[in-house]
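J.: coords please:
(one chain, ligands or ions: 1)
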Amino acid sequence: MDRSILLIITGGIAAFKSLELIRELGRAGVRSRVILTKAAQEFVTPLSVSALSGEKCFTELFNLNDEAEMGHIELSRSADLVVVCPASADIMAKAANGLANDLASTALLATDKPVLYAPAMNVRMWQHPAVKRNVAQLRDDGATVLEPDEGLMACGEFGPGRLPEIERLKASILSALTPDDTLAGKHVLITAGPTREPIDPVRYLTNHSSGRQGYAIASALAARGADVTLVSGPVSLPAPSGVKLVKIETAQEMLAACQSALPADAFISVAAVADWRPVNASESKLKLKGGEDPVSLQFVENPDILKTISNSETQRPELVIGFAAETHELEKYAQEKLKTKGCDWIIANDVSGDVMGGDRNQVSLFSQQGVERSPEASKAQIADWIVSRIAEALI
Ligand code: CTP
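T.: Got it, this is the predicted structure:
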């Protein structure tokens with residue numbers, strides 16, 4: 001394997017074990033470039049790290065020689081994976097809150113690479129609500145945080161908090177370095193966000209969809225090697241990397257964009273498509289008439305994109321998935337939509353709380369085989385849960 005990691009060693013009695021990790025990874029063909037925090041240098045020296053890694057060891061944020069050779073931004077992005085081992089409570093608190101006051105925390109904030117934390121600390125620290133909160137935040141942000149081992153600690157206490165064994169660390173790092181291409185060669189078409197139906201040049205009809213769940217699914221699909229076309233209504237989210245983004249506004253434009261992106265192996269209809277559009281949007285701005293009579297607008301039904309693609313005789317994808325956002329009687333409506341829309345799965349969620357626009361979600365997958373409920377989790381984790389099932393169905 002010809003890959004490299006940026007290894008951040010933070011302060012803790014387990015820091016010396018990272019030296020063995022560098023050696024073991026080197027044997028597996030993985031290069032380690034290392035950052036040592038100030039506290040880590042109480043346990044291991046830059047000299048021993050350099051001797052084992054065969055690379056310069058970085059310690060300072062403001063070091064003119066290092067910045068000239070390799071700036072800290074470049075350092076944070078030069079590897080395939082960032083590993084924090086051992087990860088102290090302090091570095092996780094900084095990273096969870098976006099603090100950047102030394103080289104290690106700055107690299108963690110500047111990186112665009114996956115990050116894996118291997119925590120090691122006293123059992124009471126590990127079980128402290130503040131640490132639990134920070135770990136949950138890091139996981140929500142997309143990082144992997146390994147569970148520490150349980151056992152007798154250097155401080156004499158017993159419980160979870162020990163650095164995982166080197167073999168487990170090495171296996172986790174090697175698996176994070178192996179690109180997942182389970183969906184390579186599969187084209188997945190996905191819609192996300194709201195649609196905007198014009199009333200006149202300055203007004204429109206829309207809904208509260210943020211597009212976050214659809215964008216998270218598109219990212220998770222691309223991370224597994226799928227060729228993804230994301231047809232999106234107006235949202236304020238960055239384009240997911242590795243995804244072909246087609247921006248549209250109205251339901252009719254969404255249907256046309258989807259049809260021209262076919263054929264696809266799967267179609268996932270996450271968009272909150274407006275059910276109606278005003279008949280003949282006015283070409284000029286509508287004016288107040290100043291009377292007391294109610295103003296009325298006439299609406300016409302929009303095309304049902306999911307139904308149209310589900311029922312396509314020539315270009316129906318192998319797997320067609322619809323979403324149902326319901327405020328009540330979730331199961332009843334989901335089962336009904338499975339039939340009326342002609343799709344293979346309905347992924348239903350309860351939007352009576354603050355799901356729309358929020359970052360957490362919980363879904364139920366309805367199919368001919370029955371119902372499966374996801375755990376309550378971040379939209380990124382829900383996306384992974386859904387994409388694992390898509391991968392099983394397509395392969
Ligand atoms: N959908 C679509 N085109 C539409 C309306 C909905 O493709 N014009 C898709 C959505 O993307 C979603 C599914 O259909 O995957 C369910 O949408 P929803 O709006 O919940 O269903 P409706 O048929 O509009 O039913 P209702 O509003 O009565 O719940």
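J.: buried residues of the strand or helix carrying Ser76, list them for me.
T.: Secondary structure assignment for Ser76, by DSSP states H and E: helix 72-77. When burial is assessed from 16 or more other CB atoms under 10 Å, helix 72-77 yields the following buried residues: 72, 75-76. Every C-beta, even on glycine, is put in place using the N, C-alpha and C of the backbone.
J.: with stretch 206-225 instead?
T.: 207, 209-225.
J.: which bits of this structure sit near the ligand?
T.: 251, 269, 271, 273, 275, 302, 304-306, 322-325, 337, 341 (CB under 6 Å from any ligand atom).
J.: ok, and the helix or strand in the chain with the lowest average confidence?
T.: helix 64-69 (a mean of 68; mean pLDDT, DSSP states H and E).
J.: what about the helices in the protein?
T.: For the chain, the helices defined by DSSP state H occupy 17-27, 46-53, 64-69, 72-77, 89-97, 103-110, 123-126, 129-140, 166-177, 212-223, 251-261, 305-310, 330-341, 379-394.
J.: ok, the residue lying farthest from the centre of the chain to Val279 distance?
T.: Note on the chain: the largest C-alpha distance from the chain mean falls to Gly291, namely 51.3 Å (CA atoms, centre = their mean). Distance of Gly291 to Val279, given as CB to CB, to the nearest Å: 22 Å.
J.: ok, now Ser76?
T.: According to CB to CB, Ser76 and Val279 sit 54 Å apart.
J.: just Glu197 next, same as before
T.: Distance, Glu197 to Val279, by CB to CB: 11 Å.
J.: more neighbours: the two, which one.
T.: Comparing Glu197 with Val279 by other CB atoms under 10 Å, the one with more neighbours is Glu197, at 23 against 9.
J.: for the residue nearest to Val30 when sequence neighbours are not counted, give me its contacts.
T.: Nearest residue to Val30, sequence neighbours excluded (CB to CB, 6 or more residues apart in numbering): Arg3, at 5.3 Å. Going by CB atoms under 8 Å, 6 or more residues apart in numbering, Arg3 touches 29-31, 80-81, 177.
J.: next one: Glu60
T.: Glu60 is in contact with 66, 103, counting by CB under 8 Å, 6+ apart.
J.: what distance do you get for it to Asp66?
T.: Distance from Glu60 to Asp66, counting by CB to CB: 7 Å.
J.: end-to-end on stretch 168-188?
T.: Chord length of stretch 168-188, first to last residue, is 34 Å (CA to CA, to the nearest Å).
J.: quick one: contacts of that stretch?
T.: Taking CB under 8 Å, 6+ apart as the rule, stretch 168-188 contacts 1, 3, 5, 21, 24-25, 28, 30, 80-81, 83, 85, 114, 116, 118, 144, 146, 149, 163-164, 221, 223-229, 263-268, 387, 390-391, 394-395.
J.: related to what we said a few turns ago, by pLDDT, rank the buried residues of helix 72-77 and give me the bottom one.
T.: By pLDDT, His72 ranks lowest within these, coming in at 78.
J.: pLDDT at the nearest residue to it once chain neighbours are set aside, what is it?
T.: Of all residues not flanking His72 in the chain, Thr106 sits nearest, at 5.6 Å (CB to CB, 6+ apart). Note on Thr106: pLDDT of 94.
J.: wait, Thr106 touches Ala100, no?
T.: Yes. Counting by CB atoms under 8 Å, Thr106 does reach Ala100; the two are 4.2 Å apart.
J.: the more surrounded of those two?
T.: Between Thr106 and Ala100, counting by other CB under 10 Å, Thr106 is the more crowded of the two (19 against 16).
J.: show me what contacts the more buried one?
T.: 61, 72, 76, 100 are the contacts of Thr106 under CB under 8 Å, 6+ apart.
J.: which one of the residues you listed is nearest the ligand?
T.: Ser76 (38.1 Å; CB to the nearest ligand atom).
J.: let me know the closest of the buried residues of helix 72-77 to Ala136.
T.: Using CB to CB, Ser76 is the member of the buried residues of helix 72-77 that lies nearest Ala136, at 23.4 Å.
J.: wait, what's in contact with the closest residue to Gln41 other than its chain neighbours?
T.: Nearest non-adjacent residue to Gln41, counting by CB to CB, 6+ apart: Thr59, 6.8 Å away. Thr59 makes contacts with 35-38, 41, 46, 103, as judged by CB under 8 Å, 6+ apart.
J.: try Ser76
T.: With CB under 8 Å, 6+ apart, Ser76 has these contacts: 6, 82, 106-108, 110-111, 113.
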